[in-house]
Each structure stands twice: as structure tokens, then as C-alpha cells.
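> Provided below for reference: sequence and predicted model.
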Amino acid sequence: MDINFNKNEDHNKLLLSDLKSRFAKVKLGGGQKRIDKLHAEGKMTARERIDYLLDDKAKSIEIGAFVGDEMYEEHGGCPSGGVVVKMGYVSGKQCIVVANDATVKAGAWFPITGKKNLRAQEIAIENRLPIIYLVDSAGVYLPLQDEIFPDKENFGRIFRNNAIMSSMGITQIAAVMGSCVAGGAYLPIMSDEALIVDKTGSIFLAGSYLVKAAIGESIDNETLGGATTHCEISGVTDYKAKDDKDALDRIKSVVGKIGDYEKAGFNRVKAEKPALDPKDIYGILPKSRADQYDMMEIIKRLVDNSEFDEYKAGYGQTIITGYARIEGWAVGIVANQRKIVKTAGAKTKPSEMQFGGVIYSDSADKATRFIANCNQKKIPLVFLQDVTGFMVGSKSEHGGIIKDGAKMVNAVSNSVVPKFTVVIGNSYGAGNYAMCGKAYDPRLIFAWPSAELAVMGGAQAAKVLLQIEAASLKAKGEEITPEKEAELFDKIKARYDKQVSPYYAAARLWTDAIIDPLDTRTWISMGIEAANHAPIEKPFNLGVIQV
């Protein structure tokens, strides 16, 4: 191993250590005192409930753990968006589990909470997965009600999705394990089956105080909407549980009796571990996002037996395309090559140098063709992003880079096989779009700690913004000295660097997670297994493209 490998390894392991430290903090939700209070009430935390429900908590993936990171700080913060979402197995069946975290503002819904719940439902809908709601929420967080209540992608969309999933035959089970108030009361009742925990669970459109204020009736919450009321008088809920574990055991029993599903039929054989050590990824991936490296070395450490059948190897070399297996599943891989290559492609001069991480006309053309092939063969697609964008300049424009880029975007948009996106390094500008960013409906999109997402890199963006700000200050009569210019640049770059962080993206659900690179195979495998629940219902059609 050379010195650069060791430096890269140290850097990436530090990033991984930071990830683990941040996640440990996130898992505490609203803090240890609130966890202790919950336990004193005889209740489990959201994470404890999910872990108890799952067959094996180790065989699960968490969606949106860093949602809300460094957001709403003026309101006391909202760790994980106040809700925990995991994909795992309940009684042998793959499911999505959504649990309100009552340690965060009593489980109240912030705007980002709604977005995360909608993402969980989207995953369930796309993959026809059963979804389980563990409800313990005080309802909408009123100080931000204008951002969560009325719009298409806000709180009310949850119940619309409940109805849509019911019509699609997707199993929904809800357990009311704490508060369930106001509009939120509709969620469990729009599920197929609803449970409620005695003495701790309650469901009502308005609590006792509001009832007293509105109509003058004096009544306690338990009589108004407790377990006995809804299981024996109103008929709103189907089962009464004595405590959290009893409710979760009943869910396990119900899920265990769900029938088999029609499969999409994606190809799978016995899984093999990579022949090359995946831990080498830490040393291969460079410390600087500007440095070159061979993406093929990363691929060989992600795929079964390190075997990769490359497609059009000598053409359009700044994108690697080819077939492989991940945990036994057949996949088509589209990856940005990050090393400088020489090409003799039809649209370039012989031996011309091409920059790694940049999409050229020939690489976009190759990727389009490969994506079409995977759709023809019913092979799921995996995109490995480390892209700075499309090639610019007169030569590229005259060569039709916009036309070729549009073809690739068209193919990604119209692809009917499931897509999975791994943001390894750079994810800049239109390169993010062409390589199946969040806007292009990947079934799962997740990042490594080394990822950066932005319109352009921090240094380039800071230079552009510096020119604009300096011009503005000069127009006001201020003198811009070299020292002042350097100070402005550092200030702008620091602000921009914060925004390109993978944690900034994860906080806003631009990605589903930030993961250890060694967990990539698990995420893709579980994602394809989930997608296998949803047969492909329409043919692949590129529509109108310029050739």
C-alpha cells in the first residue's frame, strides 16, 4: 500500500467515526431525560418498539436518520424529524415501520416530519410493501402549522395515501401506543387494522380541554377516547393491548398470516462475497473530491466475487457501464469514472484526454443505450455517483452535448426497472440529474460520508459568488483590498461548504441515509428485494428523442 492509500484510509475512517458519533446522538431523540420519563410511564421508545417488532434489528435499514439535522434549532430541534422509519422483516415479511418519537416535542409533526412520513409511504407504494404505523403523537406542531397543514405535500397527503394504498391492496396496520389527536386520528382508522394500548393510547379529534372550551362538556381523556371506549363503544379500533409489547406481539401475529405476493421476477442466484476486500474502499477513495481515482476498483469491491461484465469498455470511458451481481441479485451498474482517460471515440479525436467525473457526449450516449438494455432485460439499475457535471465549451456544444445529455436524462426518467443511487463523491448540477438524483425517483438513494451535493463545487461556487458580492460592494463605494477579498471568499466558501455536506442533504431528505460504504451491498440487496414485490406494469418507452 502506498502513502496516499494510508492517508485516504485515515481520512475516510475519520469521516466514518464522525458518522457513528452523529448517529449515536440522533438515537437519543429528545434526550435521556425524556427517554427515562417515557419508561416511567410504562412505554417503550420509538426505536425500542421497532427493534422489538423486527425479527432481527441487524437485518434492517433506517430511512432518514439525519432528517431535521441542525434544523428548527429556534424551536429546540427535531432529531430524526421526530419519527423513526425502518425497512426490515416482521414475521418473515419485509415491511416498512414508522414510529413517532414521543421524546421529541411529544411526537408532534414538524414540516420535515410530514415529508419523512410521505417518503415512508412512497417506498411502501412503489414496492407494494406492508406498512406498520406505531402512533404516539401530539399532532401538528402549532407554531409551524402554516408549513405543515394545507399543501399537497403536507400532513393531509398522509391520509390520501392511506386511501390509495388500501385500494392497491397494500397492508396497513396501526398501533396507537400514545396520543393520536385531531387530524392524525384518521391515520390508524384508515389502516386495515388498528390496535390501541390500554391506559396509554388515546384517539380523539379534540382532547378534553378543547371539548370543554368548544361545547362546555366536562370529560376525561380516557373516557373520551381511551382503549375501552374505542374497542367496546365506538368500534374505532379492532384490538385492545395491555401494554406496548402485547400490541407489538399482536402485530407480529397479524403480519405472519399475510399471504404471498406476486413477484416482479428479478434474477437472483446464491450470493458471493467480493473477492477483493471491501475495506480497501477507505484507502482507494481520495481525501480530496478533486483527486482522480479508478472507479472500477470501487466496483470490484462492491459486487459478488468482484466480477464485472463491462459494456462498451472502450467507448465513452468517463461513464462505466456493465452487469454484475450484488448479494446474488443481477444489476446493471452506471458509474462515473473518476480517472483521466484517453479515448478514440467517434465524437472525439484519437488519444484525446477526457477528465474523470465529467459526462461527455459519448459517455452519455453509451449510458442511454445501456439503460435501455437493462430495461429490456428486466435488470435493476445501480447508479454510482461521483460526477462534476457535463462537459462544457464550444467543442462540446457543437458536438451536441445538450442533445446527448437529454437522451440520457430521458432514459433515466422513463426507466421502468427499479433504480438505486449511491452518492459516493461529487453530485453536482445536471450530473446529479443524469445519474438518477432524488428528482428521478430512485427506489432508494443514499450517500457515503464522502459525498457532496450542490450545483457546483465549493471553491468554484465561492469564486462566482465572490465576484458578485465584490461588484455589489464596489458599486456602493467600498474599497475591496486583497485582504478583504480573501476574508469574503473564506466566509462565502464556509457557508457553501456547509450546504454541500451530506448531512445537509440528509437533513432535508435529498438522500435517504448516510451510510458506511461497507453497508452498500445490504442497502441495494434489501432495496431490490423490496422492489421484487412490485411487478413492472408498463413497457419501457423513451418517447421522442433527438438522435
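Everything's here; your move.

> only C-alpha atoms for contact and neighbour calcs from this point on.
Fine.

> Surely residue 87 forms part of a strand?
Yes - counting by DSSP: H, G, I helix; E, B strand; the rest coil, residue 87 falls inside a strand.

> Now it: closest residue in space, sequence neighbours ignored.
Leaving aside its sequence neighbours, residue 87 sits nearest to residue 96 (Cα to Cα, 6 or more residues apart in numbering; 4.6 Å).

> Which neighbouring elements make contact with whichever strand or helix holds that neighbour?
Using DSSP states H and E, residue 96 sits within strand 93-100. Judged by 3 or more Cα pairs under 8 Å, 6 or more residues apart in numbering; DSSP states H and E, strand 93-100 is in contact with helix 46-53, strand 83-90, helix 111-127, strand 131-137.

> all strands for the stretch 251-400 of the chain, in order.
309-310, 319-326, 329-336, 341-343, 352-354, 358-359, 381-387, 389-390 (DSSP state E, counting those that start in this stretch).

> Dump those into JSON lines; add distance to residue 427 as well.
Below are these laid out as JSON lines (distance: least, Cα to Cα, whole Å):
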{"stretch": "strand 309-310", "distance to residue 427": "23"}
{"stretch": "strand 319-326", "distance to residue 427": "14"}
{"stretch": "strand 329-336", "distance to residue 427": "10"}
{"stretch": "strand 341-343", "distance to residue 427": "20"}
{"stretch": "strand 352-354", "distance to residue 427": "18"}
{"stretch": "strand 358-359", "distance to residue 427": "11"}
{"stretch": "strand 381-387", "distance to residue 427": "5"}
{"stretch": "strand 389-390", "distance to residue 427": "8"}
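
> gap between the nearest residue to residue 333 once chain neighbours are set aside and residue 365?
What sits nearest to residue 333 in space, not counting adjacent residues and going by Cα to Cα, 6+ apart, is residue 382, at 4.8 Å. Distance of residue 382 to residue 365, computed by Cα to Cα, to the nearest Å: 18 Å.

> more crowded one of those two?
Neighbour count, other Cα atoms under 10 Å: between residue 382 and residue 365, residue 382 has more, with 25 against 22.

> returning to that earlier point: so which of the helices and strands packed on strand 93-100 is nearest residue 167?
Among the helices and strands packed on strand 93-100, helix 111-127 comes nearest to residue 167, with 11.0 Å by Cα to Cα.

> Hey, what's the angle from that closest one to strand 93-100? Just curious.
Interaxial angle, helix 111-127 versus strand 93-100 (axes from the mean of the first three to the mean of the last three Cα atoms, to 10 degrees): 170 degrees.

> got the buried residues for helix 111-127?
Residues 111-125, 127 are the ones in helix 111-127 that count as buried (16 or more other Cα atoms under 10 Å).

> Just to check, residue 500 is in contact with residue 454?
Yes - between residue 500 and residue 454 there is a contact at 5.4 Å, judged by Cα atoms under 8 Å.

> Give me the pLDDT for residue 546.
At residue 546, the model reports a pLDDT of 67.

> Which parts of the stretch 101-250 of the chain are strands?
Taking DSSP E, counting those that start in this stretch as the criterion, the stretch 101-250 of the chain contains strands spanning 131-137, 172-181, 193-197, 202-204, 239-241.

> Which strands and helices lie in contact with the last one?
By that I understand strand 239-241. Judged by 3+ Cα pairs under 8 Å, 6+ apart, strand 239-241 is in contact with strand 193-197.

> angle of the strand it packs on against strand 131-137?
40 degrees.

> if we can go back for a sec, ok, the residue nearest to residue 87 - contacts?
85, 86, 87, 88, 120, 123, 124, 129, 130, 131, 132 (Cα atoms under 8 Å, 6 or more residues apart in numbering).

> Please report how far the fourth one lies from residue 99.
This points to residue 88. Counting by Cα to Cα - residue 88 and residue 99 are separated by 13 Å.

> just the third one next, same as before
Residue 87 is 12 Å from residue 99, where distance means Cα to Cα.

> just the second one next, same as before
According to Cα to Cα, residue 86 stands 9 Å off from residue 99.

> Mind listing the shared neighbours of those two?
residue 50.

> Settle it for me: which of the two has more neighbours?
For residue 86 versus residue 99, neighbours defined as other Cα under 10 Å are more numerous around residue 99 (27 against 22).

> Now do the contacts for the more buried one.
Neighbouring residues of residue 99 by Cα under 8 Å, 6+ apart: 46, 47, 49, 50, 83, 84, 85, 133, 134, 135, 136.

> top of those residues by neighbour count?
Among those, residue 83 has more neighbours than the rest - 32 neighbours, counting by other Cα under 10 Å.

> wait, residue 433 sits on residue 442?
No - under the criterion of Cα under 8 Å, residue 433 makes no contact with residue 442, lying 11.1 Å away.

> Neighbour count for the two, which is higher?
Using other Cα under 10 Å as the criterion, residue 433 and residue 442 rank with residue 442 on top: 23 against 19.

> Help me confirm that that one comes into contact with residue 420.
Yes - here residue 442 reaches residue 420: they are 5.1 Å apart, a contact under Cα under 8 Å.

> For burial, what's the neighbour tally of the closest residue to residue 284 other than its chain neighbours?
Leaving out its chain neighbours, the residue that sits closest to residue 284 by Cα to Cα, 6+ apart is residue 5, at 6.1 Å. Neighbourhood size, residue 5 [other Cα under 10 Å]: 18.

> how close does residue 5 sit to residue 280?
9 Å.

> can you pull the contacts of residue 149?
For residue 149, the contact set (Cα under 8 Å, 6+ apart) comprises 140, 155, 156.

> that older thread, return the closest of the buried residues of helix 111-127 with respect to residue 269.
Using Cα to Cα, these come closest to residue 269 at residue 127, 20.9 Å.

> Next, find the distance separating the closest one from residue 521.
Residue 127 sits 19 Å away from residue 521, taking Cα to Cα as the criterion.
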